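# coords please:
(4 chains)
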Amino acid sequence: MMMTLRVLYFASLREAVGRANEELTLPEGVGTVGQLRDFLAARGEGWDALAQGRNVRAARNQRMARAEEGIEAGDEIAFFPPVTGG
Amino acid sequence: MMMTLRVLYFASLREAVGRANEELTLPEGVGTVGQLRDFLAARGEGWDALAQGRNVRAARNQRMARAEEGIEAGDEIAFFPPVTGG
Amino acid sequence: MSVSVQEADFDVGAEIAALSAGRLDVGAVASFVGLVRDANDGSSVSAMTLEHYPGMTERALEEIVAEAGRRWQLLAVRVIHRHGALLPGERIVFVGVAGAHRGESFAACEFIMDYLKTRAPFWKREQTPEGARWVDARESDDKAVGRWGPMGEPAASE
Amino acid sequence: MSVSVQEADFDVGAEIAALSAGRLDVGAVASFVGLVRDANDGSSVSAMTLEHYPGMTERALEEIVAEAGRRWQLLAVRVIHRHGALLPGERIVFVGVAGAHRGESFAACEFIMDYLKTRAPFWKREQTPEGARWVDARESDDKAVGRWGPMGEPAASE
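Below is the predicted model of the structure:
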């Protein structure tokens, strides 16, 4: 069974990577939020915005997630800058 | 020149002393808020409510006043229990 | 006028809107509404009467507002306190504070309420099944106001 | 429903009144309204767009409200946050908290705002004379939320 994820990008990160969301088949060796972030950051132009860990937040299934949190098939993973609502 | 004061009483203290206000010619030896309070407390029935210092607040000319604050002719002195608004 | 002492009720939405009306520098409005509850200190309360000290009341509230203005950078402040007869569910007091940011607005609003509770000459008389009674001052209110440090002359006449 | 995320404006007076409507145990309603300012970080701001993460936004706000309910004895809570295009002077957010006494209402209202500022997935984009820009997160907001101690999982993905 293939491991498929839905990945979302918001705000300045959405603009940097040039898309709002994508379906992703997870490559070998990517089992945590942080590993997914590193994998995506290596895609090249624009995607290196994901490598600036201090300015990137992540959510797994719509809850804030640490880099070491594991990911599973069917997850919805989101990357975004620190929030500025209110 | 006689030294005349206006004295006001509020809430439970007003009920205890049986009046809301009075004009008072100050007796000899009464020069502070605390001395005025002690003088009035000695009037007898009802007035001893003024002797319960913990439960009596005072104002001089519409500002909260300590017992040792001096008083002058023409002053408006008020005695009342701790406030409970809001 | 930023301070009103009145028998009439007030319009909370209109008061909050007025704090930022016609200006675009307000980012934060913190506000407080105090209401008559139908129970207090273990007794049911069917009605309340608020006595006050006309003249000193307005002066005390204005001094509290002025002190808040010295402690925080505020853009607008509004205080309304009712007196007279009130029923459970009725509004007693409104405090609204407008500032650029939320920290100062919240702090000033709570500061004004804490000082009002211990420095503004209002007295509540409750109607209970056991008869009418004057509400006792709460030790917790003295503690609350103590957080803010000294302001002018202390209140005790001892 | 205690949490709403919407494009539409809201009626502050009606929201505050609703927090104590039909009940007589509410003694204190603390509330907060956040507004768009016409200047930020030294630039004038002519318009703002609020992006959010539909689904997570509601969930995050509901969790913040639930956490406030665990920390304080509250009688009613209401949170409204707008998204989309907003002009200076427009309302962004409303938080209202009803309790028996003012201490818990003030604390919970400020707590909810502090957490919302750092945990709810909203992002502001400002239109300035120098062009559009995403608003940077404030260090002071991280500091403000730090006062309340830990809540669930931390936000950093590092």
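
# for chain B, what are the nearby residues on chain C?
C:34, C:50-53, C:55-56, C:59-60, C:81, C:92-93, C:113, C:116-125, C:134-138, C:152-158 (Cβ under 8 Å from any Cβ of the partner chain). Placement of C-beta: from N, CA and C, glycine included.

# distance of whichever residue of chain A sits closest to chain D from C:Ala14?
For chain A and chain D, the shortest gap (Cβ to the nearest Cβ) falls at A:Gly85, measuring 2.5 Å. From A:Gly85 across to C:Ala14, the span is 27 Å (Cβ to Cβ, to the nearest Å).

# A:Ala67 too?
Look at A:Ala67 and C:Ala14: by Cβ to Cβ, they are 49 Å apart.

# Can you pull out the low-pLDDT segments for chain C?
Along chain C, segments meeting pLDDT under 70 span C:1, C:152-158.

# which element is the nearest residue to C:Ala18 once chain neighbours are set aside on?
Nearest residue to C:Ala18 in three dimensions, chain neighbours excluded: C:Arg78, at 7.0 Å (Cβ to Cβ, 6 or more residues apart in numbering or on different chains). According to DSSP states H and E, C:Arg78 maps onto strand C:76-82.

# Who are the packing partners of that strand?
Packing contacts for strand C:76-82, counted by 3 or more Cβ pairs under 8 Å, 6 or more residues apart in numbering or on different chains; DSSP states H and E, involve strand C:3-6, helix C:12-18, helix C:56-71, strand C:91-99, helix C:102-119.

# on that earlier part again, next, the contact list for the residue of chain A closest to chain D, please.
A:Gly85 makes contacts with D:Leu50, D:His52, D:His81, D:Ile92, D:Val93, D:Leu116, D:Lys117, D:Ala120, D:Pro121, D:Phe122, D:Trp123, D:Lys124, as judged by Cβ atoms under 8 Å, 6 or more residues apart in numbering or on different chains.

# what do you get if the cut-off is 6 Å, keeping everything else the same?
Applying Cβ atoms under 6 Å, 6 or more residues apart in numbering or on different chains to A:Gly85 gives the contacts D:Ala120, D:Phe122.

# is it true that it lies in a helix?
No. Membership of A:Gly85 in a helix is not supported by DSSP: H, G, I helix; E, B strand; the rest coil, which gives coil.

# Which single residue of chain C ends up nearest chain A?
Counting by Cβ to the nearest Cβ, chain C gets nearest chain A through C:Arg102, at 7.8 Å.

# Return the set of residues that bridge with the residue lying closest to that residue once chain neighbours are set aside.
Leaving aside its sequence neighbours, C:Arg102 sits nearest to C:Ala28 (Cβ to Cβ, 6+ apart; 4.1 Å). On the basis of DSSP bridges, C:Ala28 is bridged to C:Gly99, D:Gly34.

# do C:Ala132 as well
Bridge pairing for C:Ala132 - DSSP bridges - gives C:Gln127.

# and stretch A:32-47, how far apart are its ends?
18 Å (Cα to Cα, to the nearest Å).

# oh sorry, the question was meant for stretch C:20-29
Length of stretch C:20-29, first residue to last, Cα to Cα: 8 Å.

# same question, stretch C:78-89
This stretch, stretch C:78-89, spans 21 Å end to end (Cα to Cα).

# D:Val93 versus the residue nearest to C:Arg102, what's the distance?
Distance, C:Ala28 to D:Val93, by Cβ to Cβ: 10 Å.

# Find residues that contact each of the two.
Joint contacts of C:Ala28 and D:Val93 (Cβ under 6 Å, 6+ apart) are D:Gly34.

# Three-state assignment for A:Leu13, please.
Going by three-state DSSP: A:Leu13 is helix.

# In contact with it, which residues?
Applying Cβ under 6 Å, 6+ apart, one finds that A:Leu13 lies in contact with A:Ala49, A:Phe79, A:Phe80, A:Pro81.

# What does the pLDDT read for the last one?
To tie it back to what came earlier, the one meant is A:Pro81. Turning to A:Pro81, the model gives it a pLDDT of 96.

# How about the backbone phi and psi for it?
For A:Pro81, the backbone dihedrals are phi -70, psi 170 (criterion: degrees, to the nearest 10).

# So for A:Ala67 and C:Ala14, which residue has more residues nearby?
A:Ala67 (17 against 11; other Cβ atoms under 10 Å in any protein chain shown).

# now that one, nearest residue through space, not along the chain?
A:Gly34 (3.0 Å).

# cool, C:Val135 as well?
Taking Cβ to Cβ, 6+ apart, and ignoring the residues beside it in sequence, C:Val135 has C:Lys124 as its nearest neighbour in space, at 4.1 Å.

# who are the neighbours of the host helix or strand of the one you found, in terms of helices and strands?
Using DSSP H and E, C:Lys124 sits in strand C:122-128. Contacts defined by 3 or more Cβ pairs under 6 Å, 6 or more residues apart in numbering or on different chains; DSSP states H and E place strand C:122-128 against strand C:47-52, strand C:131-134.

# Within the sheet, what are the partner strands of the longest one, with directions?
It refers to strand C:47-52. For strand C:47-52, the paired strands and their directions (DSSP bridges) read strand C:84-86 (antiparallel), strand C:122-128 (antiparallel).

# With A:Val7 as the reference, measure out to the residue positioned nearest the centre of chain C.
In chain C, the centroid-proximal residue (Cα atoms, centre = their mean) is C:Met113; its distance is 4.6 Å. When distance is defined by Cβ to Cβ, C:Met113 is 47 Å away from A:Val7.

# for A:Gly29, same thing?
According to Cβ to Cβ, A:Gly29 and A:Val7 sit 17 Å apart.

# So between the two, which is more surrounded?
Ranked by neighbour count (other Cβ under 10 Å), A:Gly29 and A:Val7 place A:Val7 first, with 20 against 7.

# right, and the more buried one touches A:Ile77 too?
Yes. Counting by Cβ atoms under 6 Å, A:Val7 does reach A:Ile77; the two are 5.1 Å apart.

# I'd like the next helix or strand past the longest helix along chain A.
In chain A, assigned by DSSP state H, the helix with the most residues is helix A:33-41. Sequence-wise, the next helix or strand downstream of helix A:33-41 (DSSP H and E) is strand A:57-60.

# Show me the contact partners of that next one.
Contacts with strand A:57-60, where a contact means Cβ under 6 Å, 6+ apart, come from A:Val33, A:Ala65, A:Glu69, A:Asp75, A:Ile77, A:Ala78, A:Phe79, A:Phe80, A:Pro82, D:Met56, D:Ala155, D:Ser157.

# how close does the closest residue to chain D within chain C sit to C:Asp142?
Sorted by distance to chain D under Cβ to the nearest Cβ, the residues of chain C start with C:Gly13, at 2.0 Å. According to Cβ to Cβ, C:Gly13 stands 33 Å off from C:Asp142.

# swap in A:Ala42?
62 Å.

# Between these two, tell me which one has more neighbours.
Using other Cβ under 10 Å, the more surrounded residue of A:Ala42 and C:Asp142 is C:Asp142, with 14 against 11.
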